[in-house]
Structures are given as structure tokens and as C-alpha cells.
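Peer 1: I need the structure of the sequence given here:
(3 chains)
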Amino acid sequence: MVTFAVILGWTALAVLFAIALSPSATASAPQAMPFLGGGSAETHAWQRFHFRPYTMSLLFIAFEMEMMFMYPWAVVFVSEGIKALAEMGMFLAILSVGILYGWREGIFRWQ
Amino acid sequence: MAVIGDTLAARAPAAVFAAIGPGRQAGTERLFARRDMRRASTPRDASILLVAGDIPSEASEALARVHDQIPPPRATVQWQGEDPDRIVARVMETLKDLRVSATGEENRLPDAPPNEWKGIGPHGQGGKGMMGGTPYGRPMAMTGPDIRDGLQLDRYSARIGPFAPMLPPGLTLEVTLQGDVICDVSIDSPPFAQPADADAPDLCLARVLRLLGLDRAADRVLGGKRPGALWVQGAISRGLGRIDGTDMRDRVAAWRKGEAAPLGPFDLPRLLIGAEWSEAMLILASLPPSALIRAARAPEAA
Amino acid sequence: MTVLLLVLAVCATLLAGVVLAALLDRALPELAGTLSRQRIETEAPDRMNRDLAPAFYLALAAVGLSVVPFAPGLALIDSPVGVVIWGTCEALTIIVVFLHGWSPNAPFPLIGAYRYAAIGLPVMLPSMFVLIAAALPAESLSLVAIVDSQREVWNVLRQPLGLPLFLVVALTLTLRGPMDFADAADIAGGTSAEDSGAGRALWQVARLAMLVSVSAVAATVFLGGPLGPVLPGPVWLWLKTAALMAVLVWLGNRVARTTPSRMLTILWVVLLPLSCADLVISGVVAL
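Peer 2: Residues are numbered from 1 along each chain as shown, chains lettered A, B, ... in the order given. Now for the predicted structure:
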């Protein structure tokens, strides 16, 4: 209960602070143009952006799921002993093969 | 509270956006190694526009646009080669005047949208269909094949420069980006001519250091000290900007020893096409201004 | 009553911390200068996200600081899953920075935003590895329990790789030096290239507030937080936090930043195996 109240409270306070501090912004058309060192753009900047490390993000999801299993694992680790260490070691080893494969395929480069 | 804010603001280094003209690159870059001057990387972060030298008339519209992009209150300071101490004093005086003025200088460009759009078409976007027209005064980007993996995604075209802080002064590039990789680039206008003093090893090294996020180290180098930074050579990938067998790492190593790194002729667009944006900016910073100016002028002469 | 005191303690720590961070950055007068300028609208921006991104960044820093115990057994959010709450703050920071770069509808902020997402995601992995390695000897995900588990020996000795790896995470979360891929110089200040006036000042303040928070968490997890002789708990926490802030500012000013694709490879191929090793070391020591 306190946790939620605190999180909501800080968020509300920060938003109020931001609104109080930020005046409304105005600009003429040339003023509003994106800064390009004096140059000009032809199109809007918002676009279907080519996010090159997208293959990396797939590998990231695999590791992120693994993180979820690790939270309960961390709590019972000492009572389970060496068995828990071996199990997580195996799991990580399998996932690490994914890193090696991805590295060979060049997914960490901007392809 | 307001009093504290004003007192603090009075002690701040002057946030200056520099528009550097022909022959003034070395002097301006040395000016910003001073503690009381800060070179803003964007006009939105500045209150003073420093115009160093005579800006050619082709660049006057760009200069007006950069001027307008500085948030009010703002002011312009002209620098025609006076002593640096005098120019700093003048900047400080202008800043003091700005603190009592509400708006400073007026806009130079008329408030007209870049394209006609309001009231034309079903949603006022000035055209028909999903991707057509000019919503909010500008068309949307369209797809094209990528040069690295052939995916069909949007291409963004823009003219960048002549006063972009990461490009040499005067250089305007017509760039087509897909994501953050340069698909196509052509030189709109070459960099302004600079005398040989812009090629000084410490200036060249300082430019690279600033791109690597080491502003303090760059100031130290310009003050004649060692950069005092970690992983400078290592941060630069091997093979980046390779020309006649020397790459960027070799050139930076030479500058660190205080030696010049002369370069033969090269094809500038070919060096940049296919590079990711930060790599391209590092490559540009690794070319001494004289070599860069020669390379940028070559296609014009041909 | 204690809750009220702790709320005040979090507020005071953030406020004093931001001032200290600005002094370390030599940016305090500049912040005041930025605040006195007008704010310029960009072309067809996403107004809601533009205003909310700095506010949420600040809120994440405040929530992060709330899980930190100011004295042994005394935290504003005394949750059994404190580490998870802090992990959420880290992950949401990526989204906040992305939205900040997205909102002005301009190319350089947009490039900074996507770049930061690419680097920020893999940075989350070492972060969670070292935090979980710190949770092993405590047999709990609560930061209060992690502090208690360090009564004999601090985690910085138990898992020597932990603090250096967490400093990399801290540099990423505070957009600093070698990990500042969002607001870099080659894209004219990146996600904040189009910020002016009060909006810009607020973003810088939020960044400094995150520096305070992440240093406080690092001090708690690796340096025993409020544990220490003679002086009261909060004072020890403040001293350790200030020391880590100074270290982070120093690193940010001294270490070069490489290109994003190269950093991505380094994160996966060097830092991730190192954090696995850190987990194994900590596991073996805990048994």
C-alpha cells in the first residue's frame, strides 16, 4: 500500500513540478524548424525508422525472460545450495550459445 | 529565489552559438577553450550568436535561420578579428544588457510555413490519401531500399550545415539517411577557406576529443597540456576513415605527438556513404581542414 | 511519523544531491541561465510526451531513492522486492529518454533516442546480474536485507566485479561521458538538441537527480549504505553517495565514448560474460 502511494505520489509531484515550471512554448515557422546547422529538411523527422540492432533485441528478450526466473532463484539460492548454482549455470550456458551465434551472424553491428 | 537565480545566472559562462566564416576557424575554436565561454552545440541552448568573420551571401539565409532559432532574449556579436579578450568582454557586456531586455533582437525571417497546407484536402493537410500532402507544412518520408540490408524503410533527406557544430564551418551536406546510416550524400557547398593555422595538431586533436565526449580534455589540449583522458585511441575503431593506408587512429596518434598528418586527395562522398552517423562525423573530424576543403572543391572543379 | 520523516529525507537528499551534482559538473550557474530563457516550440511536436518525459525521469529518480534505506531497517518503500522496483526504474528510464528524443519531431533527437534504446537494453542485463548477485548472500530481494547482509563485509569485496559493472550502468542511466549515446556531441546534443528554456533546465535537473539516485543505490548495494562507525546512518549514506557521484562525474569527463555499434558489441561480448562471472563468484562465496 505504502509502495503504491509513494510511487503515485512522486509521479504526481514531478508532473505538477514540470507543469508549474514549463511555460507554454511559442515559435514562428522558421524558428520551429528542426536545427540542422542552418539547413532545412524536406520531410517530417518522424518516420518508419530503420532500427538496425533489431536482431539484437530478439536476443535481449531471451535474456530478459531469464532475468525473471532469476528473481525467485536468488531468494532460495542459499537454501538450495550447489544444485541451484549448477542449474542456473546450465541455463546461462545454453543462452550464451545464442550470444556466440549472434556475434558470428553480426547482429551487434548496425546491419 | 529569483534573486539567487539571477546572481547565479550572472556567473554562468556565456552560452554562445558560433557561426564561423572564412578564415576564422582556428581563432574561434581557441576562443572556446576559455573557461568563461561555452560553445553551445545547438542555438536552442544559446543566448548569443557569435558571427566570426564575413559570412558569404549564399549562407545568409542559413545564418538568419540559426539566429531565429536562438530563444529570446538573444543578441548577435560580430567578430572581425579583434583581440580575444576584447571580444569576450563584448560578449559579457551584451549578456548583461540581455538580462534587462525582455526579447532582445527580433526574428529575421518572416513567419511563413515551409509549404502551403492549411485548409487544402479533407483534413487540411494539403493533399489526398494516407501518405500524400503536407501535414503540418511538410510531407512525410517515403520508403526506399537500404544499402546495408536491403530493407524497405523510410529515407530522410535534409541539407545539414553550413553552421552545424559537428561539421567543418561552411560545409553543407545534402544527406539521405535511413535510420542513422548515410545512404547518400552530396556536397551542397564546400567548407569556407581557412588558412593553415586551422590544421594545427592541437586543434585537430581537440575536434576529435569533443566528438568523443571529452570537452574538458579538448580544453586542456588547447591550453597546451596533455589531454588526461582514458581510452582515446581505443575508442576509435581500426580502419575508420582509411585513406592511402593511414586510418583515423594513425592520424590521431600523430596529432597527439604534435605532428601534422598530411593527406593526399580523396573522394569525400565515397568516404561517408554507408557510414553510421557518428562514424561519419568522426571521419570528418579526422581530416585536416585544408585536405577537406581540397576534397570538397574537387567535384566542383571537375 | 517515520513515513513523513523519510519523505522529507528523500526530498532533502534529492535537492542537496542535485545541487552537489551541478557543482561537480560546474553547471549550476548555467542551469539558472537556461531557466531565464524563453521556450521555443518545435515543428508539430508531441506536446504531451515533451512535457511528461522530464517529469517522469525526475519521478523515476525519486522512486529509486525511496527504496534506499536511510538507516538499517528504515526505508520509505520497505518492499520485499526492492531490487525489482529499482530495476523497473532503470528499464523505464530507457523509455523516458526515448520519448524525450521522439517528442520534438526533429532528426538529431530521433537518432539519439533510437541509439539510446539500442545501448540501454543490453545495459539492463549486467545491471540485473550484479544486483541479483548482491541479493544472493542476503537471501532476499529487499534492499534493507541486502544492507543487513553487509554487516561483516561489504559487497564491494564479496563481488569485486559488481561495483565497476554497476558504474557502467550508472553512466548509462545518467547519460554521461562514455555511455552518453542519447545526448552526444555528434548529433548536436541529441535528445535535448531541441530543448530550450525551462524545458531544457528541467531535463538537466532530472538527469542530475538520477545521478543522485543511482549513486545512492550503488552505495547501498555495494558499500553497505548506512552502515558505518560513530556517525549516524543517514550521514554515512550521504557521504558514500557523494563519493560515488564524484567518481561518476570524473569517469564521465575522462573516458572516451566509442561508436554505438562498437559499444553494443562490447556490452554483449565483454560486459555480459563479466557479469555472469560476477554472479558465479558471488554464488560460490555465498554458499
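
Peer 1: is the lowest-mean-pLDDT helix or strand in chain A anywhere near chain C?
Peer 2: Sorting the helices and strands of chain A by mean pLDDT, DSSP states H and E puts helix A:29-32 at the bottom, at a mean of 81. Yes: Helix A:29-32 is in contact with chain C by C-beta under 8 Å from any C-beta of the partner chain, via A:Ala29, A:Gln31, A:Ala32. Any C-beta I mention is one placed from the backbone N, CA and C, and that applies to glycine too.

Peer 1: before we move on, what about stretch A:60-73?
Peer 2: Yes: counting by C-beta under 8 Å from any C-beta, chain C is contacted by stretch A:60-73 at A:Phe60, A:Phe63, A:Glu64, A:Met67, A:Met70, A:Tyr71.

Peer 1: Can you report how many residues neighbour the fifth one?
Peer 2: It refers to A:Met70. The number of residues packed near A:Met70 is 21, by other C-beta atoms under 10 Å in any protein chain shown.

Peer 1: For the closest residue to it other than its chain neighbours, pull up the helix or strand it's in.
Peer 2: Closest residue to A:Met70 apart from its sequence neighbours, by C-beta to C-beta, 6 or more residues apart in numbering or on different chains: C:Ile132 at 5.3 Å. In this assignment (DSSP states H and E), C:Ile132 forms part of helix C:107-138.

Peer 1: Same check on C:Ala61?
Peer 2: Using DSSP H and E, C:Ala61 falls within helix C:47-66.

Peer 1: got it, and B:Met140?
Peer 2: B:Met140 is part of no helix or strand when elements are defined by DSSP H and E.

Peer 1: show me what contacts it?
Peer 2: Taking C-beta atoms under 8 Å, 6 or more residues apart in numbering or on different chains, we find B:Met140 in contact with A:Thr43, A:His44, A:Trp46, A:Gln47, B:Met131, B:Asp154.

Peer 1: Which other helices and strands does the top helix by length along chain B contact?
Peer 2: Ranked by number of residues, the top helix in chain B under DSSP state H is helix B:84-100. Applying 3 or more C-beta pairs under 8 Å, 6 or more residues apart in numbering or on different chains; DSSP states H and E, one finds that helix B:84-100 makes contact with helix B:2-11, strand B:14-20, helix B:25-31, strand B:48-52, strand B:75-79.

Peer 1: From the contact counts, what lies against the third one?
Peer 2: With contacts defined as 3+ C-beta pairs under 8 Å, 6+ apart, the secondary structure elements packing on helix B:25-31 are strand B:48-52, helix B:84-100, helix B:201-211.

Peer 1: just checking, B:Ala33 touches B:Ala217?
Peer 2: No: using C-beta atoms under 8 Å as the test, B:Ala33 is too far from B:Ala217 to be in contact (11.1 Å).

Peer 1: And the two? Which one has more around it.
Peer 2: More crowded of B:Ala33 and B:Ala217, by other C-beta under 10 Å: B:Ala217, with 24 against 19.

Peer 1: Farthest-apart pair in the contacts of B:Met140, please.
Peer 2: A:Trp46 and B:Met131 (12.4 Å; C-beta to C-beta).

Peer 1: who has more neighbours, those two?
Peer 2: Neighbour comparison, A:Trp46 and B:Met131: the larger count goes to A:Trp46, with 17 against 12 (by other C-beta under 10 Å).

Peer 1: in what helix or strand does the more buried one lie?
Peer 2: A:Trp46 is part of no helix or strand when elements are defined by DSSP H and E.

Peer 1: Not counting sequence-adjacent ones, nearest residue to it?
Peer 2: In this structure, A:Trp46 finds its nearest non-sequential neighbour in C:Asn105, 5.5 Å apart by C-beta to C-beta, 6+ apart.

Peer 1: which residues touch the one you found?
Peer 2: For C:Asn105, the contacting residues are A:Pro34, A:His44, A:Ala45, A:Trp46, C:Thr42, C:Glu43, C:Ala44, C:Pro45, C:Asp46, by C-beta under 8 Å, 6+ apart.

Peer 1: Check B:Asp250 too.
Peer 2: With C-beta under 8 Å, 6+ apart, B:Asp250 has these contacts: B:Ala261.

Peer 1: tilt between whichever strand or helix holds it and helix B:201-211?
Peer 2: Assigned by DSSP H and E, B:Asp250 belongs to helix B:248-256. Relative orientation of helix B:248-256 and helix B:201-211, computed by axes from the mean of the first three to the mean of the last three C-alpha atoms, to 10 degrees: 130 degrees.

Peer 1: buried ones in the next helix or strand after helix B:248-256?
Peer 2: As assigned by DSSP H and E, the chain's next helix or strand after helix B:248-256 is helix B:268-272. Judged by neighbour count using 16 or more other C-beta atoms under 10 Å in any protein chain shown, the buried positions of helix B:268-272 are B:Leu268, B:Pro269, B:Leu271, B:Leu272.

Peer 1: what helices or strands is helix B:268-272 leaning on?
Peer 2: Using 3+ C-beta pairs under 8 Å, 6+ apart, helix B:268-272 is in contact with strand B:181-189, helix B:277-285, helix B:289-301.

Peer 1: Can you give me the pLDDT of the nearest residue to C:Pro29 once chain neighbours are set aside?
Peer 2: In space, and not counting its chain neighbours, C:Pro29 is closest to B:Ala12: 3.6 Å by C-beta to C-beta, 6+ apart. Here the pLDDT value assigned to B:Ala12 is 78.

Peer 1: Give me the neighbour count for B:Ala12.
Peer 2: For B:Ala12, the count of nearby residues is 21 (other C-beta under 10 Å).

Peer 1: Just checking the distance from the lowest-mean-pLDDT helix or strand in chain B to the centre of its chain.
Peer 2: Within chain B, confidence by mean pLDDT, DSSP H and E is lowest for helix B:2-11 among all helices and strands, at a mean of 75. Distance, stretch centre to chain centre, for helix B:2-11: 30 Å (C-alpha atoms, centre = their mean, to the nearest Å).

Peer 1: before we move on, what about stretch C:125-140?
Peer 2: Distance, stretch centre to chain centre, for stretch C:125-140: 17 Å (C-alpha atoms, centre = their mean).

Peer 1: Could you do stretch B:201-212 as well?
Peer 2: 14 Å.

Peer 1: for that stretch, which positions count as buried?
Peer 2: Across stretch B:201-212, burial judged by 16+ other C-beta under 10 Å covers B:Pro201, B:Asp202, B:Leu203, B:Cys204, B:Leu205, B:Ala206, B:Arg207, B:Val208, B:Leu209, B:Arg210, B:Leu211, B:Leu212.

Peer 1: what sits up against that stretch?
Peer 2: The contact list for stretch B:201-212 (C-beta under 8 Å, 6+ apart) reads B:26, B:29-30, B:33, B:166, B:197, B:215, B:217-219, B:221-222, B:224, B:227, B:229, B:232, B:235-236, B:248, B:251-252, B:254-261, B:278, B:281-282, B:285-286, B:288, C:185-186, C:256-258.
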